[in-house]
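Trainee: could you work out the structure for the sequence below:
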Amino acid sequence: MTDEEYKGMIVSDPSVMMGKPVVAGTRITVEQILEKLAAGETFEQILAAHPRLTQEAIKAALEIAD
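Mentor: This next block holds a predicted model:
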């Protein structure tokens, strides 16, 4: 995926999670994903806990955090 495609997966809306960037179509924030990764969780563990996420969404969160 290109950077632009990743960016389209992350949205920010003042009426959702106080405007924090979230994975499109969810209330899962980029911050939550990054915290889980920083705590040592694997992609697989995050995906198991949040079935609506995809590997691409996790990668998009990492991409915009960079």
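Trainee: C-alpha only now, for contacts and for neighbours.
Mentor: Will do.
Trainee: low-confidence ranges, the protein, go.
Mentor: Applying pLDDT under 70 to the chain picks out residues 1-7.
Trainee: burial measure for Gln45, as a count.
Mentor: Burial measure for Gln45: 12 neighbouring residues, criterion other Cα atoms under 10 Å.
Trainee: any chance of the backbone angles for the residue in the chain sticking out farthest from the centre?
Mentor: Within the chain, the residue lying farthest from the chain centre (Cα atoms, centre = their mean) is Ser15, at 17.4 Å. Per-residue torsions, Ser15: phi -90, psi 0 (degrees, to the nearest 10).
Trainee: how close does it sit to Pro21?
Mentor: When Cα to Cα, to the nearest Å is the yardstick, Ser15 and Pro21 sit 11 Å from each other.
Trainee: and the contacts of stretch 36-48?
Mentor: Residues lying outside stretch 36-48 but in contact with it, judged by Cα atoms under 8 Å, 6 or more residues apart in numbering, are Ile33, Leu53, Thr54, Gln55, Ile58.
Trainee: mind checking which of those are buried?
Mentor: Among the contacts of stretch 36-48, the ones that count as buried by 16 or more other Cα atoms under 10 Å are Ile33, Leu53, Ile58.
Trainee: make JSON lines out of the residues you listed and add distance to Ala65 and secondary structure.
Mentor: Output for the buried ones among the contacts of stretch 36-48, formatted as JSON lines (distance: Cα to Cα, whole Å; DSSP: H, G, I helix; E, B strand; the rest coil):
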{"residue": "Ile33", "distance to Ala65": "10", "secondary structure": "helix"}
{"residue": "Leu53", "distance to Ala65": "17", "secondary structure": "coil"}
{"residue": "Ile58", "distance to Ala65": "11", "secondary structure": "helix"}
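Trainee: closest one to Asp66 out of those, please.
Mentor: The shortest distance between Asp66 and any of these, using Cα to Cα, involves Ile58 and amounts to 12.6 Å.
Trainee: for the closest one, which non-adjacent residue is spatially closest?
Mentor: Taking Cα to Cα, 6 or more residues apart in numbering as the measure, Ile58 lies nearest to Ile33, with 6.9 Å between them; neighbours along the chain are not counted.
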